[in-house]
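Trainee: fold the following.
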Amino acid sequence: MTENQYKRKNTSVSLINYHFVFCPKRRKRVLVNGVSRRLEEIIYQKAKELECDVLALEIMPDHVHLFISCHPLIARYQIMFRIKGASSRILRKEFPHLLKLPSLWSRSYYCGTAGSVSSETIKKYIANQNSH
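Mentor: Next up is the predicted model:
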């Protein structure tokens, strides 16, 4: 464990890592080519705004794996709300073919927590998603 993985505030030190999986409405395979590249930029931008660090990210045509480290002050539903909300607005504006979907993202998502012991396992799992 390196020192810079910890999140520090005035009165606390934390290590909170979330593994999110979320997908487009109806699991449509729309996260391809320019859409996936732009989505990656948006996710990194929103993570920075939320003072979170993206540890691993893999965008598949029909779902996204995001492994992110955050302060305990931001709830996991807020992370998803902000990332999905911003990416939906931006992507649907820049890629009009996405307007055919009733909404870009499904309302549901998976969230698992990980400490330092299993973080490497999750990173490897996400990195290997493209080979399956």
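Trainee: ok, residues contacting the lengthiest helix in the chain?
Mentor: Looking across the chain with DSSP state H, the single longest helix is helix 76-94. For helix 76-94, the external contacting residues (Cβ atoms under 8 Å, 6 or more residues apart in numbering) are 18, 20, 22, 35, 38-39, 42-43, 45-47, 49-50, 52, 66, 68, 70, 98-99, 103-105, 109, 111. From N, CA and C alone the C-beta is placed, and that goes for glycine too.
Trainee: now stretch 52-60
Mentor: 17, 31, 36, 39-40, 43-44, 47, 64-71, 74, 79, 119, 122-123, 126-127, 129-130.
Trainee: same for the helix or strand hosting Ile126, what does it pack against?
Mentor: Following DSSP states H and E, one finds Ile126 within helix 116-127. Judged by 3 or more Cβ pairs under 8 Å, 6 or more residues apart in numbering; DSSP states H and E, helix 116-127 is in contact with strand 16-22, strand 53-60, strand 63-70.
Trainee: about what we covered before: now the contacts of stretch 52-60: which count as buried?
Mentor: Among these, those that count as buried by neighbour count (16 or more other Cβ atoms under 10 Å) are 17, 31, 39-40, 43, 47, 64-70, 79, 119, 122-123, 126.
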